[in-house]
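Asker: starting from these lines, generate the structure:
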Amino acid sequence: MKVGIDMGTTSEGTSASLDIEELLATRLLVQGNSGSGKSHLLRRLLEQSAPWVQQCIIDPEGDFVTLADKFGHVVIEGERTDAELIGIATRIRQHRVSCVLSLEGLDIEQQMRSAGVFLNAMFDADREYWYPVLVVVDEAQMFAPSVGGDVSEEARKVSLGAMTNLMCRGRKRGLAGVIATQRLAKLAKNVAAEASNFLMGRTFLDIDMLRAADLLGMDRRTAEMFRDLKRGSFVALGPALSRRPLKVTIGSVETSARSTSPKLMPLPQAPQDVEDLIFTPDPEELTRPIMRRAAP
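Answerer: You can find the predicted model right below:
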């Protein structure tokens, strides 16, 4: 069955259609700097395809949990044991339920481990449950880094192995990877190379512009066009999108993220006793435990 979803409008004023069945077979890579509209693009894709295909979202910031209210996604908190995550992932595949794995509040090493365990469990499902699933991974450079960071080798190996399985071997098991990253240069090349569809948004660093141009088969002299893209505009290429590089402006969405871009607003009028207000501790502060977040 051929299903085309509307992602927005092209530079020619026509509808930008994405073939879901083709996407399931060929995977998608999205790049865009912070503020380029990358998360908005993912939300548009998820909303438009929700009636047609099961979805699993790996969500490091908890932005996509709002899909649950309108589209019925099950929200899974990442603060669980490996056995719990494996059991949930297995039942997700068995019962064909769309879900959001929310990793908000976990440090980077915990996020990598939880995502890796969950994705591996989906990958290892029994053959009878290999139904099509759109697996969307936001901030993919965290889970498939090009170089080792300040995390344990075990966590990096679990996460990178799961992402490699998803993008390299997942198609036969019904898993279609959609990975989004702020920096192509920070994403493992063997993971990025498996995508056949691309949506490239605004980026400023030369290394990312050149790599984006190479993936799109564009002349390197035209790579600077990625600096000029407006928020919400992407260059599309791939069998599920367009046979030639095509500029696309992403359409509107029905749900919204819990975190939004900061907007200017006037400061409140300062009270006269502002110093007492700031320097006098609340009685509860003395008994409240001090929370220290691990550095990434």
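Asker: isn't Arg96 right up against Tyr131?
Answerer: Yes - taking CB atoms under 8 Å as the definition, Arg96 is a contact partner of Tyr131 at 5.5 Å. Bear in mind the C-beta positions are built from the backbone N, C-alpha and C, glycine included.
Asker: what do these two both touch?
Answerer: Counting by CB atoms under 8 Å, 6 or more residues apart in numbering, the common neighbours of Arg96 and Tyr131 are Gln54.
Asker: those two: which has the busier surroundings?
Answerer: Shown here are Arg96 and Tyr131; by other CB atoms under 10 Å, Tyr131 has more neighbours (15 against 12).
Asker: that one contacts His95, doesn't it?
Answerer: No - if you go by CB under 8 Å, Tyr131 and His95 don't touch, sitting 9.9 Å apart.
Asker: isn't there a helix covering Gln269?
Answerer: No - judged by DSSP: H, G, I helix; E, B strand; the rest coil, Gln269 forms no part of a helix; its state is coil.
Asker: list the residues that contact it.
Answerer: Here Gln269 is in contact with no residue (CB under 8 Å, 6+ apart).
Asker: what does Lys70 give?
Answerer: Glu47, Glu254, Thr255.
Asker: for those, which one is nearest Asp208?
Answerer: For these, the residue nearest Asp208 by CB to CB is Glu47; the value is 27.5 Å.
Asker: quick check: the closest one vs Ala144, distance?
Answerer: The gap separating Glu47 from Ala144 is 25 Å, by CB to CB, to the nearest Å.
Asker: which of the two has more residues huddled nearby?
Answerer: Between Glu47 and Ala144, Ala144 has the larger neighbour count (other CB under 10 Å), namely 27 against 18.
Asker: isn't that one right up against Leu160?
Answerer: Yes - using CB under 8 Å, Ala144 is in contact with Leu160, at 5.4 Å.
Asker: give me the neighbour count for Thr287.
Answerer: By other CB under 10 Å, 6 other residues sit near Thr287.
Asker: ugh, typo on my part, it should be Glu224
Answerer: That count, for Glu224 with other CB under 10 Å as the rule, works out to 13.
Asker: quick one: contacts for it?
Answerer: Contact partners of Glu224, counting by CB under 8 Å, 6+ apart, are Met209.
Asker: contacts for stretch 34-44 next, please.
Answerer: 7-8, 30-32, 63-64, 67, 136, 138, 178, 180, 182, 199, 201-203, 229, 231-234, 250-253, 255, 257, 261.
Asker: should've said stretch 9-27
Answerer: Against stretch 9-27 from outside (CB under 8 Å, 6+ apart): 1-8, 45, 48-49, 52-53, 132, 134, 167, 171, 174, 176-179, 194-197, 236, 238-241, 246-249, 251.
Asker: re the thing from before, and which of the contacts of Lys70 is nearest to Asp150?
Answerer: Thr255 (34.2 Å).
Asker: could you check the pLDDT of the closest one?
Answerer: pLDDT recorded at Thr255 is 90.
Asker: surely it meets Asp63?
Answerer: No - in this structure, Thr255 is not within contact of Asp63 by CB under 8 Å, at 10.1 Å.
Asker: more neighbours, these two?
Answerer: Neighbour totals were compared for Thr255 and Asp63, and Asp63 leads with 21 against 15 (other CB under 10 Å).
Asker: distance check, the spatially closest residue to that one that is not a sequence neighbour against Glu104.
Answerer: In this structure, Asp63 finds its nearest non-sequential neighbour in Ala257, 4.1 Å apart by CB to CB, 6 or more residues apart in numbering. Remark: distance between Ala257 and Glu104 (CB to CB) = 12 Å.
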